[in-house]
Structures are given as C-alpha cells and as structure tokens.
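Peer 1: got a predicted structure here, sequence first:
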Amino acid sequence: MHYDNPEELTGRQVAVAVEAYYTNKLRENDAGAMFIGTLSHTAASYIIPPSSLSHIWIGHCADGCTRKMFPQEGINIFGVMLHTHISGRGLRILHFRGKEEFPWISSDDNYSFGFQNTRMLNDERKVLPGDSLMTSKTY
C-alpha cells in the first residue's frame, strides 16, 4: 500500500481491509514482488536542479545482488509496475548480462502519475543470477 499526499491535505482518513486465504496444497508457481530503484526516506534526497528539462535518476540491482537473491534457475518477469512521483516524466527498466544489454523490460516515455497499473509483458523475461537490472527515471 502506498499513499501520496502532494497537497498535504489534513483530516483525511483511510480504511484498509485485508483478506488472507491459505491452503495446504502447494502451488505450481510462486510469485513475488521486487523493487528496483532509489530509496529515499526524505524528499530532500531527490533534488532536481532548477529549470532542468531532463534530470535522470538511476537505480541499480547489480550482479552481486541478483546472485544472492535469485535461485540458480533464475526468475521470470511477467509483469511490471512503473512508479515515480508527480515530477516523473519517463521510466525504463534495463537488463544486462555481463557486457550485453538486452532489450528493455519495460519503458514509458510519457509517464503519468495518475495512471499507474501493473503492465503484463507480452513475453516473460528470464533473469539469471549474475544479471544486472537498472531503472532509469526521468524527471
């Protein structure tokens, strides 16, 4: 769950409900979520130079990261959710294996904060331990 309040409105209330189901039958496939980007606990960490028309932030999950995180057979990326805040204008997810760059996993050069959804990929992407993933965000 992620909330944003750019107008800093007060007096708002939010109610959240969660339903959980469980079974003793093992699933054929597991799915999870992975976040690639830059983590900031303060807005001051994202300083965009005044009058900048195209300021780029890079987030990186290096080869050492994927070696530790991914199983030997790798993972299959089947969907992505591109996310930035109101000043974001474009994003892309890049994939590298050694010195080879593969086609982008996903990109949006006309990003809109008001339209964030999970985008299913036409073709799943196999990512192996030792690969690198990178996000490039344009503000």
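Peer 2: Great, that's in hand.

Peer 1: quick one, helices of this structure?
Peer 2: With DSSP state H as the criterion, the chain has helices at 63-69.

Peer 1: and the strands in it, which stretches?
Peer 2: Counting by DSSP state E, the chain has strands at residues 56-61, 75-80, 90-97, 100-101, 106-108, 119-127, 132-138.

Peer 1: what number of residues lie near residue 36?
Peer 2: The number of residues packed near residue 36 is 15, by other CB atoms under 10 Å. Using the backbone N, CA and C atoms, a C-beta is placed for each residue, glycine as well.

Peer 1: check contacts around it.
Peer 2: 59-61, 93, 133-135 (CB atoms under 8 Å, 6 or more residues apart in numbering).

Peer 1: how about the residue located most distally from the centre of the chain, what does it touch?
Peer 2: Centroid-distance maximum for the chain: residue 24 at 31.2 Å, with CA atoms, centre = their mean. By CB under 8 Å, 6+ apart, the contact set of residue 24 is empty.

Peer 1: sorry, back to before: could you dump the strands of the chain into a markdown table and include mean neighbour count?
Peer 2: Listed next are the strands of the chain as a markdown table, based on neighbours: other CB atoms under 10 Å:
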| stretch | mean neighbour count |
| --- | --- |
| strand 56-61 | 15 |
| strand 75-80 | 16 |
| strand 90-97 | 18 |
| strand 100-101 | 10 |
| strand 106-108 | 17 |
| strand 119-127 | 13 |
| strand 132-138 | 20 |
